[in-house]
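Peer 1: Give me a model of this one.
(one chain, ligands or ions: 1)
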Amino acid sequence: MTCLFFVIVSIASWIRCPLYSPAEGVKGGVEESSIANLTVIKSRIMKRTSLAIRNKVLVVSVLLGAAFSAVSAAANAQTLNNEQIFEPVPRLVRSQPTLFPAPSDAIVLFGGGEKDLEQWQEVGSGDPASWLLLNDSMTVNRAMGASTSIETKRTFRDIQLHIEWSTNPVIDGDQQLRGNSGIFLHSQFELQVLDSWQNPTYVNGQAGSIYLQYPPLVNASRPAGEWQSYDITFEAPRFNAAGELETPAFISVLHNGVVVQNRSEILGATYTSQPSYDVTCTPYAQTVAVDCSGAMPLILQDHGQVVSYRNIWVREL
Ligand code: MG
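Peer 2: Reported below is the predicted structural model:
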């Protein structure tokens, strides 16, 4: 648009620049002839001056257009290029978590206990999930040392997902190292989990963000150690028979009962250098490419900090 604007300005300046059009012939004697010659010379000088001015206006307009187009392209790339964004900061909203039991038609993915943990496995290795069971929750196991993200054994496409989470009440880090975890829908798109209570960081990386794509509409976080809830509606991407993207993924999220994502169009995988959709993709924390056109597991991220989950259920849509 900017470039188009400057093209219009250029053309307008070319057309509107006054063209000097003196009389080409003067009738009469020697004196009149001399005056006529002077007039012709003067008109040629003014024509050249006029032409020079118009050329300068044209060149300056084109250069400005190119410069503004480049700046505009860079600004757009900042949003689409997996860059950290720091402003505007979502305002804080006081809220309460939605802590309610699964509806009768829901699939309970974790209600507490050893048996429910068996519905999960380590990402990549497929080993049994090693997270710690305590009461009705499961917690990232720091004793394992290495990252041990876990995934559901079941796979899903379009879903309603309820999940409750809590970050470590003992604050021992800041920014992205404070209660960082995440829920990867379709094994590729991270809804960020983070202690975002009085913990400034880039806004498209705080709790409720689609990581490096969309900040939450507001900050509905509760203090560390309190249970919080996400209620998610997710529409999986669709590919045609040729393996081309037909429809991207969409996500809506309530954080503690407050809308923080309103059918946001996911731009692609959130952990790659640039968001992308590939019918054959390598899911988060894995090394082997798989067919990503159908149903896929949910992943809970181990980012090296203590984060707990409980009361996880899903309804297939
Ligand atoms: Mg995370």
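
Peer 1: List the residues that contact Leu99.
Peer 2: Going by C-beta atoms under 8 Å, 6 or more residues apart in numbering, Leu99 touches Glu164, Trp227, Ser229, Asn311. Glycine gets a C-beta too; all of them are placed from N, C-alpha and C.

Peer 1: swap the cut-off to 7 Å and go again
Peer 2: Residues in contact with Leu99, defined by C-beta atoms under 7 Å, 6 or more residues apart in numbering, are Glu164, Trp227, Ser229.

Peer 1: Ok, Leu161 next?
Peer 2: Neighbour list for Leu161: Ile232, Phe234, Val314 [criterion: C-beta under 7 Å, 6+ apart].

Peer 1: In the strand or helix carrying the last one, which residues are buried?
Peer 2: When elements are defined using DSSP states H and E, Val314 is found to belong to strand 307-316. Of the residues in strand 307-316, those scored as buried under the neighbour-count criterion (16 or more other C-beta atoms under 10 Å) are Val307, Ser308, Tyr309, Arg310, Asn311, Ile312, Trp313, Val314, Arg315.

Peer 1: which one of the contacts of Leu99 is nearest Val203?
Peer 2: Nearest to Val203 among the contacts of Leu99: Ser229, at 20.9 Å, using C-beta to C-beta.

Peer 1: Excluding sequence neighbours, find me the nearest residue to that closest one.
Peer 2: Pro97 (4.0 Å; C-beta to C-beta, 6 or more residues apart in numbering).

Peer 1: what's the strand holding Val314 in contact with?
Peer 2: Outside strand 307-316, the residues that reach it (C-beta under 7 Å, 6+ apart) are 102-103, 105-112, 136-140, 156, 159-167, 179, 181, 193, 300.

Peer 1: same thing but 8 Å
Peer 2: Here strand 307-316 makes contact (C-beta under 8 Å, 6+ apart) with 99, 101-103, 105-112, 134, 136-140, 156-168, 179-181, 193, 227, 298, 300.

Peer 1: ok, and which of these reach the ion?
Peer 2: Counting by C-beta under 5 Å from the ion, the subset of those that neighbours the ion consists of Asn180.

Peer 1: Can you name the residues of this protein sitting close to the ion?
Peer 2: Within the chain, the positions adjacent to the ion are Asn180, Gly182, Gln301 by C-beta under 5 Å from the ion.

Peer 1: wait, isn't the first one in contact with Gln305?
Peer 2: Yes. Using C-beta atoms under 8 Å as the test, Asn180 is close enough to Gln305 to be in contact (5.2 Å).

Peer 1: In the stretch 1-150 of the chain, where is pLDDT below threshold?
Peer 2: Counting by pLDDT under 70, the ranges of the stretch 1-150 of the chain that qualify are 1-81.
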